[in-house]
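S.K.: Predicted coordinates and the sequence they were generated for:
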Amino acid sequence: MAGDATTIARPYAEAIFARAVETDKLDLWSDMLELLALAAKDPALSGLIASPKLDKSQMAELMLDIGGARLSDEGQNFVKLLVENRRLSVLPEIAALYEQRKAEHEGTLDVHVTSAFALQPAQEKQLAEALKKKLGREIRITSEQDPELIGGFRLTAGDMVIDGSVSGQLGQLANELGI
């Protein structure tokens, strides 16, 4: 299902990105898409999106009310288009794909590090510098702690995943042994 949503979302994200570059409004579109994606993820609203209780005009009105003054005229037209095509449910994927394209355009890469122990700011900086040398892009790091990793870390950057965690190595060993 996630693959289907991504396939559906990609043309919308590409079109929005192209328009944002053309009008020099990358950050405005980021803000609008973030707001709309958060709304679409809300359990109550996602239930309404999937339900036939509201017709298209009511759903458009609801989404435009949620967006309020934070939606530009183009943002409002985009919401109406998604409602008309019954694609509101893919807003989170559209926002994620848009952010990936924006980061590529700006020459940055968002890296998420999950480690067994909290990373210190100096460690994050050192890791960012090493990745910048290797990948040739500016690096933005976010990190979280997960004691279930036992030791080490798991790094995710776009499609790249590096699992240097003890639990990952144990899982790989169990796979190789057929356990």
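M.R.: Perfect, thanks for sending it.

S.K.: The residue most central in space within the chain and Gln126, how far apart?
M.R.: Nearest to the mean C-alpha position of the chain, by Cα atoms, centre = their mean, lies Ala96 at 3.1 Å. Distance, Ala96 to Gln126, using Cβ to Cβ, to the nearest Å: 28 Å. Where C-beta positions appear, they are placed from N, C-alpha and C, glycine not excepted.

S.K.: Now Asp31: closest residue in space, sequence neighbours ignored.
M.R.: Setting aside the residues directly before and after it, Asp31 is nearest to Arg70 in space (Cβ to Cβ, 6 or more residues apart in numbering), at 6.7 Å.

S.K.: before we move on, what about Arg19?
M.R.: Glu74 (7.0 Å).

S.K.: Read off the pLDDT value for that neighbour.
M.R.: Predicted confidence (pLDDT) for Glu74: 97.

S.K.: what residues does the helix-or-strand element of the chain with minimal mean pLDDT touch?
M.R.: In the chain, no helix or strand scores lower on mean pLDDT, DSSP states H and E than helix 43-50, which sits at a mean of 85. Residues outside helix 43-50 that contact it (Cβ atoms under 8 Å, 6 or more residues apart in numbering): Ala39, Ala40, Leu54, Met59, Leu62, Ile66, Leu88, Ser89.

S.K.: if you set the cut-off to 10 Å instead, what comes out?
M.R.: For helix 43-50, contacts defined as Cβ atoms under 10 Å, 6 or more residues apart in numbering pick out 38-40, 42, 53-54, 58-59, 62-63, 66, 82-83, 86-89, 91-92.

S.K.: so how far is the first residue of stretch 51-60 from its last?
M.R.: 14 Å (Cα to Cα, to the nearest Å).

S.K.: What residues sit buried inside that stretch?
M.R.: Buried residues in stretch 51-60, counting neighbours by 16 or more other Cβ atoms under 10 Å, are found at Met59, Ala60.

S.K.: Now that stretch: average pLDDT?
M.R.: Mean predicted confidence for stretch 51-60 is 87.

S.K.: repeat for stretch 161-174
M.R.: Average pLDDT, stretch 161-174: 90.

S.K.: Show me the shaky parts of this structure.
M.R.: 1-3 (pLDDT under 70).
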